[in-house]
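Engineer: got a predicted structure here, sequence first:
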Amino acid sequence: MQILVTGGAGFIGSNFIKFILKKYPNYKIINLDALTYCGNLKNLSEVENNSNYEFVYGDICDKKLVNALVKKVDCVVNFAAHSHVDNSIKSPEPFIKTNIEGVFNLLEASKEHNIEKFLQISTDEVYGSIEKGSFDENSPLNPSSPYSASKAGADMLVLSYFKTFNLRTLITRCSNNYGPNQYPEKLIPLCILNILKNKNVTLYGNGLNIRNWIYVDDHVNALDKVLHKGKIGEIYNIASDNYKTNLEVIYLILDYMKKDKNFIEFIKDRPGHDMRYSVTCDKIKKLDWQPEITFEKGIKSTVEWYLRNFDNITDCKTC
Ligand SMILES: NC(=O)c1ccc[n+]([C@@H]2O[C@H](COP(=O)([O-])OP(=O)(O)OC[C@H]3O[C@@H](n4cnc5c(N)ncnc54)[C@H](O)[C@@H]3O)[C@@H](O)[C@H]2O)c1
């Protein structure tokens, strides 16, 4: 199988590429990435000489390039996105461009070349906040930020290409990921790096917003199942059992790094800050998937990875 992975130099995409190349030695991957501030080829150093792997520098908004690459492959797996909510509040435009227009380009090329499968990596944030209970795949979309709205828009486009053009699409909506290679603008790596530099860890509001945390390997594993066993046209939620407030997450990291709570600084809440995300995963569990990594184990290996790689990690350019 030949796969075009877009956004593969980022956090989840790079973990996905390494996983697929290891598990399927006959698969070939082309990675198209624009190397924005959060894309990093060092995330892929262990596969850069693999003859089944090719990197192409470029933008999913570049129609000609996208068309030429999609022509060569059987499947498209789209990770490319602007993904940080805070940035989407400060400057929404790149989110609309990449997350919607870029997806449109990928869909058009996929339609033209009649590709076997189009997997769109979406997010649980498209459902918005839920105080109690969980959203399933049929729940209405109710995004709160320009980021989640752009992802919801992309999901709608993908579904329309399935219904109207019979494009063989799949969509996944995963909860918050953590693990190696995550750009340090996101809560967990930012917290670890700030502690290492003896800087404060800032938390929005009262720190009681709840997220479901999934280790990136569990997400990547789920994507493998969806790509190979998922029913065409369907949406699959992906999450773990690890519900934590942001404060609990920071306490665990401080505890693991043997630091006290004085490092925490509460700051004014961000506008439209969702209180709690939660999705059901009954559907993906029928594909013989379940999360394996407990939060305690995942955080330990994440902290250890950042300690080992501290010298190679660039400071957050957006914080
Ligand atoms: N991180 C999470 O917790 C999470 C959870 C659920 C879903 N997702 C989704 O998973 C995907 C990957 O997220 P991530 O955390 O790895 O993001 P990331 O920011 O680490 O990586 C995004 C990658 O996309 C590339 N990119 C951005 N714009 C591009 C463009 N126009 N053309 C080509 N490449 C471009 C970047 O250079 C980067 O390598 C996103 O679509 C995101 O919405 C993320």
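Structural biologist: Okay, I see it. Residues are numbered from 1 along each chain as shown.
Engineer: and for residue 187, the neighbour number?
Structural biologist: For residue 187, the neighbour count with other Cβ atoms under 10 Å is 22. (Glycine included, C-beta is placed from N, CA and C.)
Engineer: got it, and residue 112?
Structural biologist: Count around residue 112 with other Cβ under 10 Å applied: 11.
Engineer: was I right to think it contacts residue 66?
Structural biologist: No: here residue 112 lies out of contact with residue 66, judged by Cβ atoms under 8 Å, at a distance of 10.3 Å.
Engineer: residues in contact with the nearest residue to residue 278 once chain neighbours are set aside?
Structural biologist: Once flanking residues are discounted, residue 278 sits nearest to residue 134: 4.1 Å by Cβ to Cβ, 6 or more residues apart in numbering. By Cβ atoms under 8 Å, 6 or more residues apart in numbering, the contact list for residue 134 reads 278, 279, 280.
Engineer: could you report the pLDDT at residue 263?
Structural biologist: For residue 263, the model assigns a pLDDT of 84.
Engineer: quick one: the helices in this protein, in order.
Structural biologist: Using DSSP state H, the helices of the chain run over 11-23, 63-70, 85-90, 93-96, 103-112, 146-165, 187-196, 216-229, 246-256, 282-285, 295-309.
Engineer: which ones are touching residue 45?
Structural biologist: Residue 45 neighbours (Cβ under 8 Å, 6+ apart): none.
Engineer: and what of residue 15?
Structural biologist: Counted by Cβ under 8 Å, 6+ apart, residue 15 has contacts 179, 180, 181, 216, 217, 219, 220.
Engineer: can you redo the residues you listed as TSV with distance to residue 319, pLDDT and neighbour count?
Structural biologist: Output for the contacts of residue 15, formatted as TSV (distance: Cβ to Cβ, whole Å; pLDDT from 0 to 100; neighbours: other Cβ atoms under 10 Å):
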residue	distance to residue 319	pLDDT	neighbour count
179	19	97	24
180	19	95	19
181	17	94	22
216	21	98	23
217	26	98	19
219	24	98	26
220	26	98	22
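Engineer: check those against the ligand, which are close?
Structural biologist: Residues of those in contact with the ligand (Cβ under 6 Å from any ligand atom): none.
Engineer: doesn't residue 85 make contact with residue 186?
Structural biologist: No: the criterion here is Cβ under 8 Å, and residue 186 misses it with residue 85 at 9.7 Å.
Engineer: residue 79 touches residue 6, doesn't it?
Structural biologist: Yes: if you go by Cβ under 8 Å, residue 79 and residue 6 touch, sitting 6.1 Å apart.
Engineer: between these two, which has more neighbouring residues?
Structural biologist: Taking other Cβ under 10 Å, residue 79 and residue 6 do not tie; residue 6 has more neighbours (31 against 24).
Engineer: ok, that one - contacts?
Structural biologist: Contacts of residue 6 by Cβ under 8 Å, 6+ apart are 13, 31, 32, 33, 60, 76, 77, 78, 79, 80, 102, 106.
Engineer: hang on, the earlier thing: what does the pLDDT read for the residue nearest to residue 278?
Structural biologist: Looking at residue 134, the pLDDT reads 98.
Engineer: what does the one 4 residues further on give?
Structural biologist: Per-residue confidence for residue 138 comes out at a pLDDT of 98.
Engineer: count of residues packed around it?
Structural biologist: Residue 138: 6 neighbours (other Cβ under 10 Å).
Engineer: same question for the one 3 residues further on.
Structural biologist: By the other Cβ under 10 Å criterion, the neighbourhood of residue 141 contains 18 residues.
Engineer: then the one 5 residues further on?
Structural biologist: Neighbours of residue 146 under the rule other Cβ under 10 Å: 22.
Engineer: contacts only, for it.
Structural biologist: If you count contacts by Cβ under 8 Å, 6+ apart, residue 146 has them with 88, 89, 92, 95, 96.
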